[in-house]
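Engineer: next come a sequence and a model predicted from it.
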Amino acid sequence: MPITGIGSYDATTGEFNVNWEQANLELAPAGLLLAGDYTQASFETDRTQLLALIAAATEAAADARDTATARDVLKSALLARGKQLRGAILSKVVDNSYLKDLVALPNFTDTQSKFIDPLNALERLWAKINAAGAALQLSADITLQGDYTQAMFAADLTQLGADYYAANQAEENTGFARTTRNNAMAAIYERMKQYRAGATSALPKNSPALANLPRLTPAAGTTPPALVIEGVWDNAIGKAVFTFPASMAKNLAKLQARGCTGTTYRGENEEFIADLLPDATRFETDWGLGAPGAKICVKIYVMTTTGNENGGKAVKIVRPMV
C-alpha cells in the first residue's frame with residue numbers, strides 16, 4: 001500500500017517491516033543495513049514510536065475540538081444572557097448615570113479580550129444596579145429567565161475565562177503533537193526510500209523480497225476520479241449533510257470522510273471522520289460542529305483496492321448562530 005496520507009503510514013510501514021525481515025533472511029547473516037548502521041530492528045522501533053505519535057496527535061486534536069466546543073457553547077449562552085440583561089435594564093432603569101454604562105454586546109467571532117470585556121462591563125453594571133435597587137425604585141434584584149442571577153452570570157464569566165485558557169492550551173498541544181508526528185513521518189519515509197534503494201541493489205533478481213517490494217507512491221494511472229460534493233447545515237437534524245454522485249472508480253474499496261476544523265483544509269491536519277460504503281451518495285455528521293458558529297471543511301475520499309485515493313475539493317460548513 002503506497003503512502004497517500006497520514007492514515008496509510010500504519011499499513012505501509014508494516015509492509016516494509018515484513019519485507020525487510022524477509023530480506024534479512026535472504027541476506028543472512030549480515031542482513032540489510034542502511035546509512036548509519038540502521039537496521040530492521042531500528043525501523044521497527046521507529047515504526048512503533050510513529051504509530052504512538054499519530055495516535056497522540058489524533059487524541060490532542062479531539063481534545064482541542066472538545067475544549068473549543070465547550071468554550072463556544074458557553075459563549076453563545078452568555079451572548080443570549082447579555083441580550084436578556086440589556087433588555088431587562090432598559091425596561092427597568094431610567095437613570096442615565098447607569099444607562100450610559102450599558103455597553104453593546106460583542107460579536108461571537110471577536111478575540112478573547114474583545115469578547116469578554118463587554119460582558120464583564122455588563123456584569124459590573126448589573127451588580128451596581130442591584131446594589132442601588134432601592135434608589136432606583138426596584139422591588140427586587142434584576143434576574144433573567146430561569147431565575148438566572150448576577151452571581152450566576154459572574155460565575156459563568158469566570159468559567160469562560162477558564163474555557164478560553166483550556167482551548168488555547170489544547171490548540172498549542174495539538175500543534176506540538178502534529179509537528180512531532182510530521183517530523184517522525186518524514187524521517188521514516190526517508191528510511192523507506194533508502195530501504196527500497198538498498199533492497200534493489202542488494203537482493204538477487206529471483207528474490208521473493210524483491211518481487212514483493214512495497215511501493216511508496218501510487219502506480220501511475222491509478223488515481224480514482226474525485227467526487228463532486230455539496231454540503232449544507234440541516235438545522236432540523238442538527239448535522240451537516242453532504243450529497244454526491246455514486247463513485248465510478250475502478251477497484252473501488254470504500255469512501256471515507258475526513259475533515260479539518262476551521263475554514264482551511266490542510267492535509268497534514270486532516271482527521272478521520274467515518275468510513276462510508278462504496279455506493280454511498282449521502283453522509284451526515286456533527287463532527288466539529290458542536291457549537292453555534294463552528295466551521296469545518298470536509299472531503300469525501302474515494303479509496304481503491306490498489307491503495308490510491310482522491311479527496312477532491314473540500315466543502316466548507318458553517319453552523320449558523322442561534
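Structural biologist: Alright, I've got the coordinates.

Engineer: where does the chain dip in pLDDT?
Structural biologist: Along the chain, segments meeting pLDDT under 70 are nowhere present.

Engineer: all helices of the stretch 101-250 of the chain, in order?
Structural biologist: In order along the chain, the stretch 101-250 of the chain carries the following helices (DSSP state H, counting those that start in this stretch): 112-131, 150-202, 208-211.

Engineer: elements contacting the last one?
Structural biologist: Spelled out, that is helix 208-211. Other helices and strands packing on helix 208-211, by 3 or more Cβ pairs under 8 Å, 6 or more residues apart in numbering; DSSP states H and E, are helix 9-26, helix 150-202. For every residue, glycine as well, the C-beta is placed using N, CA and C.

Engineer: following element in sequence after the first one, please.
Structural biologist: The helix or strand immediately downstream of helix 9-26 is helix 40-92, counting by DSSP states H and E.

Engineer: next helix or strand past that following helix?
Structural biologist: Scanning forward in sequence from helix 40-92, with DSSP H and E defining helices and strands, the next element found is helix 96-99.

Engineer: list the contacts of that next one.
Structural biologist: Contacting residues not belonging to helix 96-99 are listed as 89-90, 93, 125, 128-129, 132, 136 [Cβ atoms under 8 Å, 6 or more residues apart in numbering].

Engineer: any idea how far the residue lying farthest from the centre of the chain is from residue 142?
Structural biologist: Taking Cα atoms, centre = their mean, the residue of the chain most remote from its mean C-alpha position is residue 135, at 52.6 Å. Using Cβ to Cβ, to the nearest Å, one gets 14 Å for the distance from residue 135 to residue 142.

Engineer: re earlier: switch the contacts of helix 96-99 over to CSV; also include neighbour count.
Structural biologist: Formatted as CSV, those follow (neighbours: other Cβ atoms under 10 Å):
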residue, neighbour count
89, 18
90, 11
93, 19
125, 21
128, 14
129, 25
132, 14
136, 16
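
Engineer: identify the farthest-apart pair in the residues you listed.
Structural biologist: Taking Cβ to Cβ, the two most distant members of the contacts of helix 96-99 are 90 and 132; they sit 16.3 Å apart.

Engineer: please identify the deepest-packed of the helices and strands packed on helix 208-211.
Structural biologist: With neighbours defined as mean count of other Cβ atoms under 10 Å, these peak in mean count at helix 9-26, which reaches a mean of 19.

Engineer: elements contacting that one?
Structural biologist: Contact partners of helix 9-26 among helices and strands, from 3+ Cβ pairs under 8 Å, 6+ apart: helix 40-92, helix 150-202, helix 208-211.

Engineer: now the second one: how far from the chain's centre is it?
Structural biologist: When you say that, I think you mean helix 150-202. Relative to its parent chain, helix 150-202 has a centroid offset of 10 Å by Cα atoms, centre = their mean, to the nearest Å.

Engineer: go on, the shortest one?
Structural biologist: Centroid displacement of helix 208-211 relative to its chain, using Cα atoms, centre = their mean, is 40 Å.

Engineer: pull out the buried residues from stretch 235-249.
Structural biologist: Within stretch 235-249, the residues that qualify as buried are 239-242, 244, 247, 249, counting by 16 or more other Cβ atoms under 10 Å.

Engineer: returning to what we had before: closest one of the contacts of helix 96-99 to residue 204?
Structural biologist: Lowest distance from residue 204 to the contacts of helix 96-99 (Cβ to Cβ) belongs to residue 125, with 84.6 Å.

Engineer: helix or strand: which one has residue 300?
Structural biologist: Using DSSP H and E, residue 300 maps to strand 295-304.

Engineer: can the helices of the stretch 101-250 of the chain go into TSV with extra columns for distance to residue 100?
Structural biologist: Formatted as TSV, the entries for these read as follows, by distance: least, Cβ to Cβ, whole Å:
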stretch	distance to residue 100
helix 112-131	10
helix 150-202	19
helix 208-211	82
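
Engineer: out of those helices, which gets nearest to residue 274?
Structural biologist: With respect to residue 274, and counting by Cβ to Cβ, the nearest of those is helix 150-202 at 20.7 Å.

Engineer: and that closest one, what other elements does it pack with?
Structural biologist: Contact analysis of helix 150-202 by 3+ Cβ pairs under 8 Å, 6+ apart lists helix 9-26, helix 40-92, helix 112-131, helix 208-211 as its packing neighbours.
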